[in-house]
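Colleague: Need coordinates for the following:
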Amino acid sequence: MKTFKKPLSATEEASYIHVLSQGNIDAVAEAREILIERNLRLVAHIAKKYCNVDEDMEDLISIGTIGLIKAVSSFDAEKGKLSTYASRCIDNELLMLLRSKKKTAKEVSLYEPIGIDKEGNEINLLDIIEHEQTDVLDRMELYDNTKKLASLFGQVLSEREKEIIFLRYGLVTGKEVTQREIGEMLSISRSYVSRIEKKALRKLKEGFEKDDS
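Modeller: As a prediction, this is how the structure comes out:
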């Protein structure tokens, strides 16, 4: 099993959480990455509860990490501690995996829930990957998609591309934002947002296809 970095001190964590609310794209992205990286021990700790199921521990940690990513992206410091909120999100992601594995034939469904946002609304694959990804997703199992999703965002997308995809498909707030609204937020044109979005989706599609070949 991987060796994870030590958790942040309470002061350090509070500082990075504060940065998340400041709106500077680069600073927010960096703070998010650090909070995720330094809370991976929590994922491993929770994954151990499921060690008696027929799943590899590394796979459980990969799925739990998706829950951690969602937790950091949607955390509201006014509603409690990050570790408490993240634990619920990680547990939810692992339970989603186990429930989906019990269903017949392990067929992928674009409407299969893969998580819950902070308002309690279900998030499915169709919310994350637009219709351009449908042909690819139809050939993949839900389990593989959720594992690949977390890694592809970090591997193939630039920070600006990730920020736009997060906003466009409501991965942070659970509410989709229009291209025009994103353009106003980032002080760029709507057409430029559209180009970045299409490029990001193409990268994700190519990443899925490459990994699936």
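Colleague: And the pLDDT at the residue of the chain most remote from its centre?
Modeller: Computed with C-alpha atoms, centre = their mean, the maximum C-alpha offset from the centroid of the chain is found at residue 189, amounting to 26.3 Å. Here, the pLDDT recorded for residue 189 equals 93.
Colleague: cool, residue 83 as well?
Modeller: Reported pLDDT at residue 83 in the predicted model: 90.
Colleague: same thing with the one 4 residues further on?
Modeller: For residue 87, the pLDDT comes out at 91.
Colleague: did I read that right, it in a helix?
Modeller: Yes. Counting by DSSP: H, G, I helix; E, B strand; the rest coil, one finds residue 87 located in a helix.
Colleague: Just to check, it is in contact with residue 46?
Modeller: Yes. Taking C-beta atoms under 8 Å as the contact criterion, residue 87 and residue 46 are neighbours in contact, 6.2 Å apart. (Glycine included, C-beta is placed from N, CA and C.)
Colleague: Confirm that residue 22 sits in a helix.
Modeller: No. The secondary structure assignment for residue 22 gives coil rather than a helix, going by three-state DSSP.
Colleague: quick one, what contacts it?
Modeller: With contact taken as C-beta atoms under 8 Å, 6 or more residues apart in numbering, residue 22 is in contact with residue 28.
Colleague: in the chain, what secondary structure element scores lowest on mean pLDDT?
Modeller: helix 134-137 (a mean of 39; mean pLDDT, DSSP states H and E).
Colleague: And the residue farthest from the centre of the chain, how far from residue 157?
Modeller: 20 Å (C-beta to C-beta, to the nearest Å).
Colleague: Can you show me the helices along the protein?
Modeller: Secondary structure of the chain (DSSP state H): helices located at 10-20, 25-37, 40-47, 57-74, 82-102, 125-128, 134-137, 142-156, 159-168, 179-186, 190-212.
Colleague: which ones are touching residue 179?
Modeller: Applying C-beta under 8 Å, 6+ apart, the residues near residue 179 are 168, 190, 193-194, 197.
Colleague: pLDDT at it, what is it?
Modeller: We have a pLDDT of 91 for residue 179.
Colleague: Make sure residue 67 is actually in contact with residue 85.
Modeller: No. With the criterion set as C-beta under 8 Å, residue 67 and residue 85 do not qualify as a contacting pair; they are 10.3 Å apart.
Colleague: Neighbour count: the two, which is higher?
Modeller: When neighbours are counted by other C-beta atoms under 10 Å, residue 67 and residue 85 differ, and residue 67 comes out ahead with 29 against 18.
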